[in-house]
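Enquirer: got a structure for you, letters missing:
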């Protein structure tokens, strides 16, 4: 598909490095017996405060860093309103909450009564944040045919499934859930022709930034509100008709370049809509923390993209789940590395195997339920809760309500909100048992989860 438009598409990206700071606020010295564990087992900065004012002043001073906060349930109301805080971990060493807390603030990651469980949760979240900071995700395709992919959970599978989920959730009632701020920026979003989606996406840099940021962060709320526009966008991309070479230059962090080198020969995906052009430009940087790279991308008939004419230059807009194999990495000079990528369809094969492997355990799951399960398996429990709430509130008879309720139960379960989790587990179980015939095999999954809560 060919589109013509005016404007300049910036082809060089610069990514700032980001650090994680862990703050432990303990005014009553409840955590004394666990401080050494926290210091020894977490490599990131851990800072301890016992005075509220000092803690607040430090939090306010933090700019462009991610803060994890460890506090007791009794202190949560004092510190849960700061924008600098990414996640709150409630450490209930006295075990007095009994799972009765109501976590209305989505920053609260969970509640833990043992230090090993707390440390495991923090390490998982650190790993998740570090992965989100990367603009790429990877997959080792070696011998995946012999593996049960339903046991895997990663951003690669997320991005392979997401376009299918968009198409599955599309309906005729466009944009009833679009946030007012989006409507203010893009008033036309309520009234445009679907075949104009690519042109509009490329015309408005702020729209591209909004969408690509939401994709990179796997922000379900933003992406769900824009699902109809995104669905129109990906449906306007087409298979290529010939082999060709296109280029994309980036300035990336040294740590991300190291990741690319470590995955040489493996599969790579970008976490956003990738653009490239036919002009083999180079880019330069004098920063020791950043590296200038030129992606040389070999396209074929398996490649899905839109052909654009942008500022008298031919530009390619790739599909969201475009997959490449890292073929070669060479240093051209002191200021530029050439990374050769080959477009492959392995991503589609891997996605289908993941779906098939999942359905061998849970028969007849829709793609939207499978996607929600994946989000939960990735330890993104707040995102999983938001997603299943959207499915529940916009319930379609094509969906399995019992599995939606089970998904919500699991999200609350892993967040430590056991009472709320039990409510949804009970609803799911009752619905399955009332089915004709009763869903004995599926209901056993629910009973097992209830058993974990009671244990």
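Expert: Here it is on my side, so go on. Computed from a prediction, not measured in an experiment: that's the story for all the values here.
Enquirer: pretty sure residue 272 contacts residue 217?
Expert: No. Between residue 272 and residue 217 there is no contact under Cβ atoms under 8 Å: 10.4 Å. All C-beta spots, glycine's among them, are computed from the backbone N, C-alpha and C.
Enquirer: Just want to know which of those two has more residues nearby.
Expert: Ranked by neighbour count (other Cβ atoms under 10 Å), residue 272 and residue 217 place residue 272 first, with 20 against 14.
Enquirer: ok so the more buried one is a strand residue?
Expert: No. Residue 272 is assigned coil when assessed by DSSP: H, G, I helix; E, B strand; the rest coil, not a strand.
Enquirer: Quick check: closest non-adjacent residue to it.
Expert: residue 212 (3.7 Å; Cβ to Cβ, 6 or more residues apart in numbering).
Enquirer: which other helices and strands contact the helix or strand encompassing the one you found?
Expert: Using DSSP states H and E, residue 212 sits within helix 205-217. Packing contacts for helix 205-217, counted by 3 or more Cβ pairs under 8 Å, 6 or more residues apart in numbering; DSSP states H and E, involve helix 180-185, helix 197-203, helix 220-225.
Enquirer: Format those as CSV; extra columns: mean pLDDT, distance to residue 430 and mean neighbour count.
Expert: Output for the helices and strands packed on helix 205-217, formatted as CSV (pLDDT from 0 to 100; distance: least, Cβ to Cβ, whole Å; neighbours: other Cβ atoms under 10 Å):
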stretch, mean pLDDT, distance to residue 430, mean neighbour count
helix 180-185, 78, 38, 12
helix 197-203, 92, 42, 20
helix 220-225, 91, 27, 20
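Enquirer: can those helices go into CSV with extra columns for distance to residue 292?
Expert: Shown next, in CSV, are these (distance: least, Cβ to Cβ, whole Å):
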stretch, distance to residue 292
helix 180-185, 32
helix 197-203, 24
helix 220-225, 31
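Enquirer: and of those helices, who's closest to residue 70?
Expert: Within those, the stretch nearest residue 70 is helix 220-225; the backing value is 25.6 Å (Cβ to Cβ).
Enquirer: Output the contacting helices and strands for the next helix-or-strand element following that closest one.
Expert: As assigned by DSSP H and E, the chain's next helix or strand after helix 220-225 is helix 227-235. Packing partners of helix 227-235 (3+ Cβ pairs under 8 Å, 6+ apart): helix 155-169, helix 197-203.
Enquirer: Please identify the buried residues of the first one?
Expert: Judged by neighbour count (16 or more other Cβ atoms under 10 Å), helix 155-169 contains these buried residues: 155-166, 168-169.
Enquirer: That helix: how far from the chain's middle?
Expert: 11 Å (Cα atoms, centre = their mean, to the nearest Å).
Enquirer: Identify the residues contacting it?
Expert: 131-132, 137-139, 149, 215, 218, 223-224, 227, 230-231, 234-235, 267, 269, 271, 319-321, 323, 347-348, 350-351, 354-355, 366-368, 370-371, 374-375, 378 (Cβ atoms under 8 Å, 6 or more residues apart in numbering).
Enquirer: Mind checking which of these are buried?
Expert: Looking at the contacts of helix 155-169 with 16+ other Cβ under 10 Å, the buried ones turn out to be 131-132, 137-139, 149, 215, 218, 223-224, 227, 230-231, 234-235, 267, 269, 271, 319-321, 323, 347, 350-351, 354-355, 366, 368, 370-371, 374-375, 378.
Enquirer: returning to that earlier point: same list (the helices and strands packed on helix 227-235) but as JSON lines, adding distance to residue 454.
Expert: JSON lines is the format used below for those (distance: least, Cβ to Cβ, whole Å):
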{"stretch": "helix 155-169", "distance to residue 454": "32"}
{"stretch": "helix 197-203", "distance to residue 454": "49"}
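Enquirer: closest one to residue 63 among those?
Expert: Nearest of the helices and strands packed on helix 227-235 to residue 63, taken as Cβ to Cβ: helix 155-169 at 26.7 Å.
Enquirer: any idea how far the residue positioned nearest the centre of the chain lies from residue 137?
Expert: The centroid of the chain falls nearest to residue 218 when counting by Cα atoms, centre = their mean (2.8 Å). Distance, residue 218 to residue 137, using Cβ to Cβ, to the nearest Å: 10 Å.
Enquirer: ok, now residue 381?
Expert: Taken as Cβ to Cβ, the span from residue 381 to residue 137 is 20 Å.
Enquirer: Same question for residue 356.
Expert: Note on residue 356: its distance to residue 137, by Cβ to Cβ, is 21 Å.
Enquirer: how about the nearest residue to residue 82, chain neighbours excluded?
Expert: Leaving aside its chain neighbours, residue 82 sits nearest to residue 59 (5.2 Å; criterion: Cβ to Cβ, 6+ apart).
Enquirer: before we move on, the earlier item: per-residue pLDDT, the residue nearest to residue 272?
Expert: Residue 212 is assigned a pLDDT of 94 by the prediction.
Enquirer: Run through the helices of the stretch 351-455 of the chain in chain order.
Expert: For the stretch 351-455 of the chain, applying DSSP state H, counting those that start in this stretch gives helices covering 367-377, 381-393, 401-415, 418-434, 440-454.
Enquirer: Please identify the deepest-packed of those helices.
Expert: helix 401-415 (a mean of 24; mean count of other Cβ atoms under 10 Å).
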